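# Generate a structure from the sequence data that follows.
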Amino acid sequence: MRLEHVGIHAHDPETLARWYEEKVGLRVVRRLEKEGRSPIYFLSAEDSAEIEILPTVEPRGDRGLASPGFSHVGVAVDDFEETEKQLAARGIALHGVRETSNGWRIGYFDDPEGNTIEVVHRPQTDSEPPAQPDAQDRRP
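Down below sits the predicted model:
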């Protein structure tokens, strides 16, 4: 079993999909049309799971990182500082940037609809085997 996609409901799926393309560097890999409603967009980076952006008219509830249920989407990067600079150049400032007790470097940003994205760099240690392309984040 592997993670295939994460779904995000949005009030304006087209605008949010464009934002992820322009600001984050994802690309639309599929667009599904359904009569009478906004299209559904699937976005991805190379060799990764997809983000599905679906239309909704429901109001957004208050959520935080510690709220029960879904809290964020995590994206792995090879060079945290370079990614932080690239995002800043596109108008995205990371917040909560820190190094964890196990040596990971993490930070967060929110998309225009209020969804939280975590940027994480996990340096490989001698005690860890090299990550497999389809199983980068599998941990026992």
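# in the protein, which spans are helices?
Along the chain, the segments classed as helices by DSSP state H run 13-19, 80-89.
# what stretches of the protein score poorly on pLDDT?
Within the chain, the stretches with pLDDT under 70 are 67, 125-140.
# picking that back up, for the helices of the chain, which one sits closest to Gly61?
Smallest distance to Gly61 across the helices of the chain (CB to CB): 17.5 Å, for helix 13-19. (C-beta placed from N, C-alpha, C; glycine too.)
# what's in contact with that closest one?
If you take CB atoms under 8 Å, 6 or more residues apart in numbering as the criterion, helix 13-19 is touched by 8, 10, 28, 38-41, 43, 53-55, 111-113.
# tell me the domain boundaries of the protein?
Following the assignment in automatic domain parsing, the chain carries domains at 1-56, 71-130.
# and among those domains, the most buried is which?
Mean neighbours per residue, mean count of other CB atoms under 10 Å, is largest over the domains of the chain for domain 1-56, with a mean of 15.
# what about Gln124, distance to Val57?
Gln124 sits 45 Å away from Val57, taking CB to CB, to the nearest Å as the criterion.
# Could I get the contacting residues of Glu58?
Applying CB under 8 Å, 6+ apart, we find Glu58 in contact with His9.
# Swap in 10 Å and give it another go.
For Glu58, the contact set (CB atoms under 10 Å, 6 or more residues apart in numbering) comprises His9, His11.
# And for Lys85?
Asp79.
# I'd like to know how far it sits from Thr56.
In terms of CB to CB, Lys85 sits 33 Å off from Thr56.
# repeat for Tyr20
Per CB to CB, Tyr20 is found 17 Å from Thr56.
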